[in-house]
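Student: Okay, here's the prediction I keep looking at, along with the sequence it came from:
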Amino acid sequence: MKKIIIMTLIGIFSLNASNAQINSGKLKIFNGRVITPYSIIENACVLIDNGKIVDVCAGDVEFKGAKVIDANGKYISPGFIDTHCHGGGGYDFMDGTPEAMIKAAELHAKHGTTLIYPTSASCSDKTLFEMFDNYRKADKMNTAGAAFGGIHIEGGYLNKTMSGGQDPRYVIDPKPEHYNEILEKGDDIIVRWSMAPELPGALDLARELKKRNIQVSMAHTAALYDEAIDAFNAGFSSITHFYSLTSTVTRRDALRYAGVIEAGYNLDNLYVEAIADGVHLPAPLLKLIYKVKGADRVVLVTDAMRGAGMPDGKSILGSLEDGVPVIIEDGVAKLPDRSSFAGSVATTDRLVRTYMQKGGVNLLDAVQMLTLSPAKLMSIDKAKGSITKDKDADIIIFDENINVQTTIIGGKIVYEAK
């Protein structure tokens, strides 16, 4: 009996010794082309330990105890950050269950998104608060999807004439008694808020959000240029889906006035979102936006709804319970009468690919607009957005056509293409 026990213990010790050879917290990616904010390092190596990048170097180096990934000459890139996304894979972040949130996040992780900001649409307070509760649950359960960065509220406080695919039943003006309740219930998870700055009370709300370090964006707006300037001074730091439901040159009493689009171009420090799916923004506009704003102030977003990764046909924008019916065709979601777009079906890899092909942008800048630029917009660039020592190990590997092979979040492999 003693002999059996001793032999069993020896077996256990041997097994532990074998496992010790590979440290589950260490990872080495070699034989790849590392995309940094300034250049592409050929034949490079990235070392990861405990979820952090510990070194980036040319050539191959020994990293004892690490799991090894051969990039086979492909690109090693920072993970994509999507600050505006409603869902994907047949699921919406407002469907009312944590599982729906997780499934949407998993779809986007397969396309290179490592950090995602679940985005609401105009809805009842009940639906919004349920989204908050489900977000908190999903955040703890999410192990194979893009990590959650916080809630992005888009909706409610919009200009009725620019509501587009948003449900008009819930388009209202911001009032303290209303938004204070929202902030009370979601202050720990709300990190971004899109609204029309010309609405009564919008600037007061923007100032309050700025105090709370919540990023504020102009959206679904008919504001004149001067109103956009006032909004910028009050704390609005970006424009949501540039050119989509954002005002431009108009006439009033025969006089010509500039709008939000012109403010976006003239205010150097104002970020602009670009849905670079090739449909929302055709090639000439992609080129113009990049030419004027540069990669530093352009943030690529999917604005994807549940139809991302799904076949053409009927779908729903928003929650299954009270969302807006839409049709997916021509690579985009439309209202049934085809009077307006109703969100995109893009994934982040498509954004990079399209901006390069149709916008004439080089790979380095296309990647920056989906990594470091959104990280700076959301004030998380000390930890995210580039392959730099001591930053979070959110990394993807893709080929020349931006086909994602591997997605790594916090040093953990969450997706590998078969």
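Tutor: Thanks, I have the structure now.
Student: what's next to the helix or strand encompassing Asp349, contact-wise?
Tutor: Asp349 belongs to helix 348-359 when assigned by DSSP states H and E. The contact list for helix 348-359 (C-beta atoms under 8 Å, 6 or more residues apart in numbering) reads 80, 82, 108, 111-113, 274-278, 282-283, 286-287, 289-290, 300-302, 361-363, 366-367, 369-370, 398, 401-404. Where C-beta positions appear, they are placed from N, C-alpha and C, glycine not excepted.
Student: hmm, try it at 6 Å
Tutor: 80, 82, 111-113, 276, 278, 283, 286-287, 290, 300, 361, 366, 370, 402, 404 (C-beta atoms under 6 Å, 6 or more residues apart in numbering).
Student: One more: stretch 59-71?
Tutor: For stretch 59-71, the external contacting residues (C-beta under 6 Å, 6+ apart) are 22-23, 26-32, 45, 47, 397.
Student: Endpoint to endpoint, it covers what distance?
Tutor: 12 Å (C-alpha to C-alpha, to the nearest Å).
Student: Asp187: how many residues sit nearby?
Tutor: The tally of other residues near Asp187 (other C-beta atoms under 10 Å) stands at 12.
Student: List the contacts of Leu377.
Tutor: Neighbouring residues of Leu377 by C-beta under 6 Å, 6+ apart: 271, 299.
Student: again, but for Ser386
Tutor: Neighbouring residues of Ser386 by C-beta under 6 Å, 6+ apart: 37, 78, 372.
Student: try Ile116
Tutor: Residues near Ile116 by C-beta under 6 Å, 6+ apart: 82, 85, 105, 108, 146.
Student: Past the helix or strand where it lies, which element shows up next along the chain?
Tutor: Element membership of Ile116 [criterion: DSSP H and E] is strand 113-118. Per DSSP H and E, strand 113-118 leads on to helix 125-141 as the next helix or strand towards the C-terminus.
Student: Now render the contacts of Ser386 as a markdown table, adding secondary structure, neighbour count and distance to Arg338.
Tutor: Shown next, in a markdown table, are the contacts of Ser386 (DSSP: H, G, I helix; E, B strand; the rest coil; neighbours: other C-beta atoms under 10 Å; distance: C-beta to C-beta, whole Å):
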| residue | secondary structure | neighbour count | distance to Arg338 |
| --- | --- | --- | --- |
| Pro37 | coil | 16 | 41 |
| Pro78 | strand | 29 | 37 |
| Leu372 | helix | 21 | 37 |
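Student: Next step: the contacts of Ile116 restricted to helices.
Tutor: 105, 108 (DSSP state H).
Student: Taking the contacts of Ile116, please make a ChimeraX selection of just the buried ones.
Tutor: Here is the ChimeraX selection string for the buried members of those, based on 16 or more other C-beta atoms under 10 Å:
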select :82,85,105,108,146
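Student: Of the contacts of Ile116, which pair is most distant in space?
Tutor: Largest separation among the contacts of Ile116 by C-beta to C-beta: Asp82 and Ala105, giving 10.1 Å.
Student: Quick check, pLDDT for Thr250.
Tutor: At Thr250, the model reports a pLDDT of 96.
Student: Contacts only, for it.
Tutor: Thr250 neighbours (C-beta under 6 Å, 6+ apart): Tyr257.
Student: mind running it again at 7 Å?
Tutor: Residues near Thr250 by C-beta atoms under 7 Å, 6 or more residues apart in numbering: 257, 259.
Student: ok, the contacts of Ser386 vs Tyr225, which is closest?
Tutor: Once C-beta to C-beta is applied, the member of the contacts of Ser386 that ends up nearest Tyr225 is Leu372, at 29.0 Å.
Student: phi, psi of the closest residue to that closest one other than its chain neighbours?
Tutor: Leaving out its chain neighbours, the residue that sits closest to Leu372 by C-beta to C-beta, 6 or more residues apart in numbering is Gly385, at 4.0 Å. The phi and psi values for Gly385, taken as degrees, to the nearest 10, are phi 100, psi -10.
Student: can you give me the strands in the stretch 201-350 of the chain?
Tutor: Using DSSP state E, counting those that start in this stretch, the strands found in the stretch 201-350 of the chain span residues 215-218, 236-239, 250-252, 255-257, 271-274, 298-300, 313-317, 324-329, 332-334, 341-344.
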